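**Q** predicted model, plus sequence, below.
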Amino acid sequence: GKEEGLDLAVCASSNEAAIKKVLHKATTLKYQFFPDKPATGAGAPAAAVAAISLNIPGIDKFDEHEHEILAELVKRYNVPQAVRFELLCRIRIAHDFATLAGRRRLVKQRLMAFNTLLQCSPTAEEYNGLYLAEPEFVTELVGLVQAEEAVEEEELRTLALRSLAAQLHDRSRNSSVIAAVTSGGQSGLLAMLLHKSIASILQQASVPLAPSGSGVLPADVAAVAVAPAAGSSWGAGGGSSGVAAAAAPPAGSVQYSVAFVDALLTLVAALVQSTSGCQALNDAGVISALLPLMRDLHPDHVGLVCTSLRILEAYMDLSQSASAMFRDLGGLTEMIKRCAYEVGVLPADAATAGTAGAAATGDSDVVMAPAEQQHQQQGTAEGIATPANKQLSHSRKSLLKFLLRNIALSSYAPTGNLTATRPQDEDAQLLYASLKAMYTRPEEFGGSLFSLAVSVMTDLIHHEPQSFRQLHEAGLPDAFLAAIKAGVLPSGDAIVSIPSALVALCLNTTGLRRVRETAVLHVLIDIFTSKKTMRVLTSDTPAILGSGLEELLRFVPVLRSDGVDVVLGVFKALCIMGEDGEEVAEASKPLPPENAAAQEAAITPAAADAAAAGGSCAEAQPAAEDAAQGAAVP
């Protein structure tokens, strides 16, 4: 239908003026093929076979199904197996083209087939053959996306966006796709779609505000989304200091679904992978368009927020000016507030003065994340205690991971003015409270998030050593050391983050004193001897942990003696677990009188009996741990 001007948008449009002109031609089946050659005797020359041309008008008026029509043609004309699928496609087009629903179904099938082909990593020859036959395919896709009024079925425009995003992964098509979707700059297709669709999503996510000063949201509101108390300037539907709220779409405008916005963000995520794509996103104002999503607290929109955070991270990583623009627009403040909300430490009125300090001290009411609050309400209604180690959902963990990475990336951007990159005092206190909450509830957030939280604290100290006083006043070092002493999570990320964090804490005399007083290095014995943590000591984890420990002892000479004792304790425990006779006998000896009181808690009679019995590795493990702890006591 290209000769008659029938592109994808025209075929899916509700305006059938152009369709009626070519309807008779479009519903006529025209196909030419060569039938199978008849079988001949041995040595007989093959008979020439003439081509068969099918010309059947009015296929749309046939009552039979497409497959029934194909079966009849195969039976009558001896259609070869190799061309039957192509003939079926021609029959399907002629059969469904007469109705609007049929044409839209054909467009949908074509777009889905194209997306499937691109996901199968086609060869260069297949790519070239496709675009030689359809040289204006990208332009047709853009036209379909723009036809919002004529094509009411949003699923078709969503598939068109995903087709454009899939083509960006092919370098040969990258420039043509970028030129098609970003032409016009601020008034181009990408800029208008970003702002309009996100404004529509935020309008759908807005909910009635909680009663003023309540601090706890009603159950019916929490089940849908969580908004701050009345008068607050943060949350779904609220404004922001530094962040312009997304403009509400005009009445009667197109409403966008989550699937459409997700496809649009997928296209933006593909654009951010190249320099030309970043320039196009800069012209479209991607930061100002995505930042309002940080206030979207609807549980069904968590995936959209995660995708936008991934885009912002990649954009700031590739563009040096993006971090400064991000901070000027209040992006760091918004992400810190969203992070505090997700971990459950955001006060009800986050915009008033002094709320960050209240969050750090716990003097204000707390608005919890939806999943956490729902779980607590359920436990209260049933009269049971809420477990402290309830695991967050995977989507919430992913959201927190991207938030922490963006906070770390934008907090200390490469710039000559340190004060311009340092978080504001109120934001810093809120960030410290969030990190402390993740240290005190490590089982709830998991090893990866715990490691990221530790990395943020480590970067804060390394970039600005004078910030240790604020960290100490907020209780971060003590909370981290207490979490390590209570037991390291069985996660490789959490384990390898310990040495670098200890190096950062030991840069300050107070931090060094707290590290020595808590004897946190002795936790390494449990890491290497406990069945719970030994399972994660695979791949590069032991090497990374060893290099981190070596760096700690090299830069902090005061800890060398304790470190050597810990290493010796690890080897002793491993020897006992391996049923080494001398070490088992040494662990079974009675305690010296001068050290009995100090080691009474470390080596129990049960541990000595297990070591003396020389049992299996699993039976000797508790004795090995206790004996190693006693051997490492200075």
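**A** Thanks, I have the structure now.

**Q** name the element residue 55 belongs to?
**A** strand 52-56 (DSSP states H and E).

**Q** after that strand comes which helix or strand?
**A** helix 66-77.

**Q** can you list the buried residues in that following helix?
**A** For helix 66-77, a neighbour-count test (16 or more other C-beta atoms under 10 Å) marks 66, 69, 70, 73 as buried. Backbone N, C-alpha and C define where each C-beta goes, glycine included.

**Q** the last one and residue 54 touch, don't they?
**A** Read it as residue 73. Yes. Residue 73 lies in contact with residue 54 (C-beta atoms under 8 Å); the separation is 7.1 Å.

**Q** circling back to that earlier point, now the strand holding residue 55: average pLDDT?
**A** Model confidence over strand 52-56, given as mean pLDDT, is 91.

**Q** partners of it, with directions?
**A** Sheet pairing of strand 52-56 (DSSP bridges) gives strand 29-33 (antiparallel).

**Q** how far away from the center of its chain is the partner strand?
**A** 49 Å (C-alpha atoms, centre = their mean, to the nearest Å).

**Q** over to stretch 479-489?
**A** 27 Å.

**Q** which positions in that stretch come out as buried?
**A** 479, 480, 481, 483, 484, 488, 489.

**Q** which among those residues gets closest to residue 7?
**A** residue 489 (55.8 Å; C-beta to C-beta).

**Q** Three-state assignment for the closest one, please.
**A** The three-state label for residue 489, taken from DSSP: H, G, I helix; E, B strand; the rest coil, comes out as coil.

**Q** contact partners for it?
**A** 442, 443, 446, 447, 450 (C-beta atoms under 8 Å, 6 or more residues apart in numbering).

**Q** buried ones in the one helix or strand residue 443 maps to?
**A** Using DSSP H and E, residue 443 sits in helix 442-463. Judged by neighbour count using 16+ other C-beta under 10 Å, the buried positions of helix 442-463 are 442-461.

**Q** for that helix, which helices and strands make contact with it?
**A** Contact here means 3 or more C-beta pairs under 8 Å, 6 or more residues apart in numbering; DSSP states H and E; on that basis helix 442-463 packs against helix 394-411, helix 425-440, helix 468-474, helix 476-486, helix 492-505.

**Q** taking helix 394-411 as reference, get the angle to that helix.
**A** 10 degrees (axes from the mean of the first three to the mean of the last three C-alpha atoms, to 10 degrees).

**Q** and stretch 482-499, how far out from the chain middle?
**A** On C-alpha atoms, centre = their mean, the centre of stretch 482-499 falls 23 Å from that of its chain.

**Q** just the C-alphas of that stretch, formatted as CSV.
**A** Output in CSV follows, covering the C-alpha atoms of stretch 482-499 (Å, rounded to 0.1, in the frame of the first residue of the first chain):
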residue,chain,number,x,y,z
ALA,A,482,27.1,-2.3,65.8
ALA,A,483,25.7,-3.8,62.7
ILE,A,484,29.0,-5.5,61.9
LYS,A,485,29.4,-6.8,65.5
ALA,A,486,25.9,-8.2,65.5
GLY,A,487,26.7,-10.4,62.5
VAL,A,488,27.6,-9.7,58.9
LEU,A,489,25.0,-10.5,56.3
PRO,A,490,25.7,-13.5,54.2
SER,A,491,26.4,-11.3,51.2
GLY,A,492,29.7,-10.9,49.3
ASP,A,493,28.9,-7.2,48.7
ALA,A,494,28.4,-6.6,52.4
ILE,A,495,31.6,-8.4,53.4
VAL,A,496,33.9,-6.7,51.0
SER,A,497,32.6,-3.3,52.0
ILE,A,498,33.9,-3.7,55.6
PRO,A,499,37.7,-3.0,55.1
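
**Q** state the mean pLDDT of it.
**A** Mean predicted confidence for stretch 482-499 is 91.

**Q** now swap in stretch 332-348 and tell me
**A** pLDDT averaged over stretch 332-348 gives 84.

**Q** can you get me a residue count around residue 542?
**A** 16 (other C-beta atoms under 10 Å).

**Q** my bad, should have said residue 154
**A** Residue 154 - counted by other C-beta under 10 Å - has 16 other residues nearby.

**Q** same check on residue 324?
**A** 18.

**Q** what helix or strand does it sit in?
**A** Using DSSP H and E, residue 324 falls in helix 320-328.

**Q** okay, the angle between the next helix-or-strand element following that helix and helix 320-328?
**A** With elements assigned by DSSP H and E, the helix or strand that comes after helix 320-328 is helix 331-343. Here the directions of helix 331-343 and helix 320-328 differ by 60 degrees (the same axes, to 10 degrees).

**Q** please compute how far helix 331-343 lies from its chain's middle.
**A** Using C-alpha atoms, centre = their mean, the offset of helix 331-343 from its chain centre is 16 Å.

**Q** and it with helix 425-440, angle?
**A** 30 degrees.

**Q** same for helix 331-343, what does it pack against?
**A** helix 302-318, helix 394-411, helix 425-440.

**Q** tabulate the ones you listed (CSV), appending mean neighbour count, distance to residue 189 and mean pLDDT.
**A** Converted to CSV, the helices and strands packed on helix 331-343 look like this (neighbours: other C-beta atoms under 10 Å; distance: least, C-beta to C-beta, whole Å; pLDDT from 0 to 100):
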stretch, mean neighbour count, distance to residue 189, mean pLDDT
helix 302-318, 21, 17, 92
helix 394-411, 21, 27, 90
helix 425-440, 23, 35, 91
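
**Q** ok, residue 64 - contacts?
**A** Neighbours of residue 64 in contact, by C-beta under 8 Å, 6+ apart: residue 72.
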